[in-house]
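# Predicted model follows, preceded by the sequence.
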Amino acid sequence: MNHPFANAVLAGDHDAALVTIADDVTFRSPAVHKPYHGKQQVDGILRLVATVFENFRYTAEWRDGATTILFFEANVGDRELQGIDILEENDDGLVERFTVMIRPLSGLQAVAAAMAARLSAA
């Protein structure tokens, strides 16, 4: 992987991943209809997701200008899933728009259920 966010995630370095994200980032999750705004909210989401995904790995990267698409695979319980992280950078090279898409629906449902359970336990 070439994108610094991907390298940080794969190294398990959450703080380094967060450095690549703009303070005014907009994060779009496949599990909720409204976007999240701001680095603080995204920080919490990413920390939570890291506890939900098992065997997380980026499998490919595609870049065009200020947009990078990171393809990933993971497990949530007995569900296998595939997804993409779409990272759109601002003029400073920081991620200002972060969109996640996950398939299949059963994988997305497993992610949403696991996230909800962890949020209610917290």
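On my side now, so go ahead. Model, not experiment: these values are computed from the prediction.
# what about the helices in this protein?
Counting by DSSP state H, the chain has helices at residues 4-10, 14-19, 39-52, 105-121.
# For the helix or strand of the chain with the lowest mean pLDDT, which helices and strands make contact with it?
Taking mean pLDDT, DSSP states H and E as the measure, the chain has helix 105-121 as its least confident helix or strand, at a mean of 89. Counting contacts by 3 or more CB pairs under 8 Å, 6 or more residues apart in numbering; DSSP states H and E, helix 105-121 packs against helix 39-52, strand 67-76, strand 79-89. The C-beta positions use only the backbone N, C-alpha and C, and glycine is treated the same way.
# Quick one: work out the angle between that helix and helix 39-52.
Going by axes from the mean of the first three to the mean of the last three CA atoms, to 10 degrees, helix 105-121 is angled at 110 degrees with respect to helix 39-52.
# Tell me the buried residues in helix 105-121?
Residues Gly107, Leu108, Ala110, Val111, Ala112, Ala114, Met115 are the ones in helix 105-121 that count as buried (16 or more other CB atoms under 10 Å).
# Can you report how many residues lie near the closest residue to the fifth one other than its chain neighbours?
The one in question is Ala112. Nearest non-adjacent residue to Ala112, counting by CB to CB, 6 or more residues apart in numbering: Ala31, 4.0 Å away. Ala31 has 15 neighbouring residues, counting by other CB atoms under 10 Å.
# ok, how many other residues are close to the nearest residue to Phe71 once chain neighbours are set aside?
Spatially, and ignoring its direct neighbours in sequence, Phe71 is nearest to Ala60 (4.2 Å; CB to CB, 6+ apart). By other CB under 10 Å, the residues close to Ala60 number 10.
# same check, this time on Asp24
11.
# Same question for the one 3 residues further on.
When counting by other CB under 10 Å, one arrives at 20 neighbours for Phe27.
# which ones are touching it?
Pro35, Tyr36, His37, Gln41, Val42, Ile45, Phe98, Thr99, Val100 (CB atoms under 8 Å, 6 or more residues apart in numbering).
# at 6 Å instead, please
Phe27 sits next to Tyr36, Val42, Phe98 when contact means CB atoms under 6 Å, 6 or more residues apart in numbering.
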